[in-house]
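> structure for the following, please:
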Amino acid sequence: MIRILRQIFRTGVVTEPLQSDLDAELWEVGTRLEEVIRKRFRRSLTIRQVDAGSCNGCELEIHAMNNPIYNCERFGMHFTASPRFADLLLVTGPVAHNMEIALRRTYDATPAPKLVIAVGDCGCTGGIFGQSYASLGSIDKVIPVDACIPGCPPTPTALLNGILKALS
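Numbers count the residues shown, from 1 in each chain. All right, here's what the predicted structure looks like:
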């Protein structure tokens, strides 16, 4: 154990610096997003993320939006566990037959006015899964969709841009 601790102290902190072009693009999108959120909601934007049957690639990128690099909360966005408090539904994956009722109930529980964004190629078009014995296909076959963010999976910056376009 002591040997491992010595190795850690000798090595020190090894991290890569943030890319300057990413940082500039992130601040530009973030400040515009913050303006739109403050103007439209006069408070923060509350998001409920729903996995309708995805491979979890999009979920990893959505979670990355909340990490210390992207930190979507500084722009006035936060996630909630209850659809009753949500302003926006971020839905990922093709809708599995088993998730159809749960997705409709989540949509119905979200107060109006509500926005729905389909995330990833699977959420927008059904992706590689399409319509099959286990999948109904894209999100818009079950609930109305206001915007789509394509990509497999979309990057956190693309997600922020997509949310900005949906709110504008």
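
> when you work out contacts or count neighbours from here on, use the C-alpha atoms and nothing else.
OK.

> next one: the most centrally placed residue in the chain from Leu33, what distance?
Central residue of the chain (CA atoms, centre = their mean): Ile62, 3.8 Å from the mean position. As defined by CA to CA, to the nearest Å, Ile62 lies at a distance of 16 Å from Leu33.

> with Pro156 instead?
13 Å.

> okay, now Gly93: neighbour count?
30 (other CA atoms under 10 Å).

> tell me the phi and psi of it?
Backbone geometry at Gly93, expressed as degrees, to the nearest 10, gives phi 80, psi 160.

> going forward, the N-terminal residue is numbered 14.
With the count now opening at 14, the last piece we talked about shows up as Gly106.

> look at it and report its pLDDT.
With respect to pLDDT, Gly106 has a value of 88.

> on that earlier part again, OK, contacts around the residue nearest to the centre of the chain?
Residues counted as contacts of Ile75 (CA atoms under 8 Å, 6 or more residues apart in numbering) are Pro169, Leu172.

> so, low pLDDT: which residues of the chain?
27-34 (pLDDT under 70).

> what ranges does it have for its helices?
Secondary structure of the chain by DSSP state H: the helices cover 15-24, 33-54, 70-77, 113-122, 133-138, 169-180.

> starting at the chain centroid, how far to the first one?
Distance of helix 15-24 from the chain centroid (CA atoms, centre = their mean, to the nearest Å) equals 38 Å.

> next one: the fifth one
Between the mean C-alpha point of helix 133-138 and the mean C-alpha point of its chain there is a distance of 13 Å (CA atoms, centre = their mean).

> residues in contact with it: which ones?
67, 71, 104-108, 131, 140-143, 150-153, 161-167.

> and for stretch 57-66?
By CA under 8 Å, 6+ apart, stretch 57-66 touches 50-51, 72, 89-96, 98-109, 112-113, 116.

> list only buried entries from those.
For these, a burial check counting by 16 or more other CA atoms under 10 Å picks out 50, 72, 89-92, 96, 98-109, 112-113, 116.

> the residues you listed in strands, which ones?
Met90, His91, Phe92, Leu101, Leu102, Leu103, Val104, Thr105 (DSSP state E).

> of those, closest to Pro126?
Distance to Pro126 across those (CA to CA) is lowest for Leu101, with 9.0 Å.

> quick check: that closest one touching Pro124?
No - Leu101 lies out of contact with Pro124 (CA atoms under 8 Å); the separation is 9.6 Å.
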